[in-house]
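Novice: Provided below are the primary sequence and the corresponding predicted coordinates.
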Amino acid sequence: MDRETRAFAESHFRRLRGQPGGGAGAPPGRVDFIASPASFSYADFLKRYLLPNVPCVFSCAFTEAWGARRCWVTPGGRPDFQHLLRTYGDAVVPVADCGRQEYNAHPKEHMLLRDYLRYWAEHIESGYSSPRGCLYLKDWHLCRDSSVEDVFTLPVYFSSDWLNEYWDALDVDDYRFVYMGPAGSCHQYPRRGHCSPALELTQEAGEMVFVPSGWHHQVHNLEDTISINHNWVNGCNLANMWHFLQQELRAVQQEVSQWRETMPDWHHHCQVIMKSCTGINFEEFYHFLKVIAERRLLLLAEGTDSGAMEGGAGSGLGPHQAAFDVSRITEVLASVVAHPDFQKVDTGMSSPQPEELLQQLEEVVASTASL
C-alpha cells in the first residue's frame with residue numbers, strides 16, 4: 001500500500017463514520033473479469049472491489065505458478081488421482097454427504113484420502129452414481145497439515161490477511177481449505193429468504209473468485225473439481241466482523257432471555273454459547289485485535305516492511321499498510337471498549353488492558369497521520 005492508496009482508504013472509512021462497509025447497496029448486475037496481473041495492482045483491487053465490497057473474477061494467468069496447477073491435474077485437465085495418492089494418500093480428510101442435510105450443513109465423516117480417491121474413481125466409472133451418494137471432500141486444512149509441496153502462492157491482493165496471520169501466530173488453526181469432489185457435488189446453500197437476488201457465474205479452471213465480506217455463496221461443481229479456498233479478514237472488513245459479532249450476541253441473548261434472572265453469570269454463559277455457534281466471542285475478538293495491533297506497532301517502531309513479519313502473511317505492503325491497519329483497529333476497538341456487554345467480559349488476564357491498548361493506538365494514529 002502506498003501513500004495515495006492509504007489516503008483513499010482512510011477517506012472511504014471517514015465517510016462511513018463508523019458504520020460497517022459493503023453489503024448495503026444493490027449487488028452489481030455483472031461480475032468483472034480481471035485478465036492480466038501486469039495491468040492490475042493492489043491499489044486497483046482495493047479501490048474497485050475490496051472497499052466497495054463487490055465480487056470479481058481473476059483469470060487463470062494469476063495462478064500459473066501454483067504447484068497445485070502443475071501437479072494436481074493431468075495434462076488433460078482431470079484430477080491426477082495417482083499424484084494425490086502418492087503425495088497425500090495417508091492424510092485424514094473431512095468428507096461431506098451432499099445428499100443429506102443436518103441443520104444448515106451436510107453431515108461429515110473422516111476418512112483416509114486414499115479411500116476417498118477410490119470412492120471418487122468408482123463414482124466416475126459408474127456414471128457418476130454410487131450407493132454411497134455424492135461425497136464431497138471439504139474443509140481439508142492441507143496447508144496447516146502438510147508442507148510437501150508449494151500448493152499455491154497467495155496473490156498480493158489477498159495478502160493483508162489478519163485471520164490466518166492470527167492463527168498462524170498462535171499455531172493452532174487456519175482458514176485455508178482444499179475442496180475436492182465429483183461433478184454434481186455442491187456446498188454452502190444460503191438461507192434464500194434473507195438474500196438479495198443471486199449473481200451467477202461459471203468459474204473456469206485456474207480462475208479465482210473474490211467473494212465479498214458478508215456475501216453468501218453456493219457452489220455447484222459442473223465437472224470433477226479441486227479448489228483452494230482462502231478465508232480472510234483485514235482492516236477493510238473489520239467493522240463488518242464486529243457488527244456481525246454484536247448481532248450474534250443479541251441473538252443468543254434473546255434465545256436465552258428467559259433465564260436471565262435465574263442463571264448465575266448469565267452474561268458469561270451468553271459468551272460461551274456465542275463462541276460455540278460462531279467460533280469466537282468478545283474476549284477472543286479482543287485478543288485477535290491485540291495480536292494484530294501489537295504486530296503492526298512493532299512493525300512501525302522498527303520501520304521495516306510488513307513482509308518481514310515472522311509467521312505473518314508476508315504481504316510486503318509496507319508501512320502505509322501498517323499505519324492503515326492501526327487506524328482501523330483503533331476505530332473498532334473504541335467501539336468494543338464502549339460496548340456494555342464487552343465491559344462485562346473478564347479481561348483481567350489480558351495485557352495490556354483494552355483501554356491501555358486503545359490509548360496506545362490513538363497516540364500512534366496521531367503520530368503517523370503525516371507518514
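Specialist: Happy to help now that I have it. Numbering: from 1, shown residues only.
Novice: wait, a strand at residue 228?
Specialist: Yes: judged by DSSP: H, G, I helix; E, B strand; the rest coil, residue 228 forms part of a strand.
Novice: what sits closest to it if chain neighbours are left out?
Specialist: residue 152 (5.4 Å; CB to CB, 6 or more residues apart in numbering). C-beta: built from backbone N, CA, C; applies to glycine.
Novice: quick one: neighbours of the one you found, just the number.
Specialist: 18 (other CB atoms under 10 Å).
Novice: so which strand or helix has it?
Specialist: Residue 152 belongs to no helix or strand when assigned by DSSP states H and E.
Novice: I'd say it and residue 66 touch.
Specialist: Yes: contact criterion CB atoms under 8 Å: residue 152 and residue 66 qualify, at 4.5 Å.
Novice: what residues of the strand or helix carrying residue 276 count as buried?
Specialist: Element membership of residue 276 [criterion: DSSP H and E] is helix 266-278. Of the residues in helix 266-278, 267, 270, 271, 273, 274, 275, 278 count as buried by neighbour count, 16 or more other CB atoms under 10 Å.
Novice: could you do stretch 82-89 as well?
Specialist: Under 16+ other CB under 10 Å, the buried positions of stretch 82-89 are 84, 87, 88, 89.
Novice: next: stretch 135-151.
Specialist: Buried-residue list, stretch 135-151, by 16+ other CB under 10 Å: 135, 136, 137, 138, 139, 140, 141, 142, 143, 144, 151.
Novice: tell me who's in contact with the residue nearest to residue 228.
Specialist: 63, 66, 67, 68, 228 (CB atoms under 8 Å, 6 or more residues apart in numbering).
Novice: after the helix or strand bottoming out on mean pLDDT in the chain, which helix or strand is next?
Specialist: The helix or strand of the chain with the poorest confidence is helix 142-145; it has a mean of 78 (mean pLDDT, DSSP states H and E). Next in sequence after helix 142-145, counting helices and strands by DSSP H and E, comes helix 162-170.
Novice: how about residues contacting that next one?
Specialist: With CB under 8 Å, 6+ apart, helix 162-170 has contacts from 173-176, 230-235, 238, 288, 291-292, 295, 309, 311-313, 325.
Novice: among those residues, which are in helices?
Specialist: 238, 288, 291, 292, 295, 325 (DSSP state H).
Novice: any idea how far the third one is from residue 174?
Specialist: Same thing as residue 291. 14 Å (CB to CB, to the nearest Å).
Novice: and the second one, by the same measure?
Specialist: Between residue 288 and residue 174 the distance, using CB to CB, works out to 14 Å.
Novice: which pLDDT value goes with the residue lying closest to residue 129 once chain neighbours are set aside?
Specialist: In this structure, residue 129 finds its nearest non-sequential neighbour in residue 123, 7.2 Å apart by CB to CB, 6+ apart. pLDDT, residue 123: 95.
Novice: secondary structure class for residue 123?
Specialist: helix.
Novice: which ones are touching the spatially most central residue of the chain?
Specialist: Taking CA atoms, centre = their mean, the centroid of the chain lies closest to residue 231, which sits 2.0 Å from it. For residue 231, the contact set (CB under 8 Å, 6+ apart) comprises 163, 175, 176, 177.
Novice: how many neighbours does the last one have?
Specialist: Using other CB under 10 Å, the number of residues around residue 177 comes to 19.
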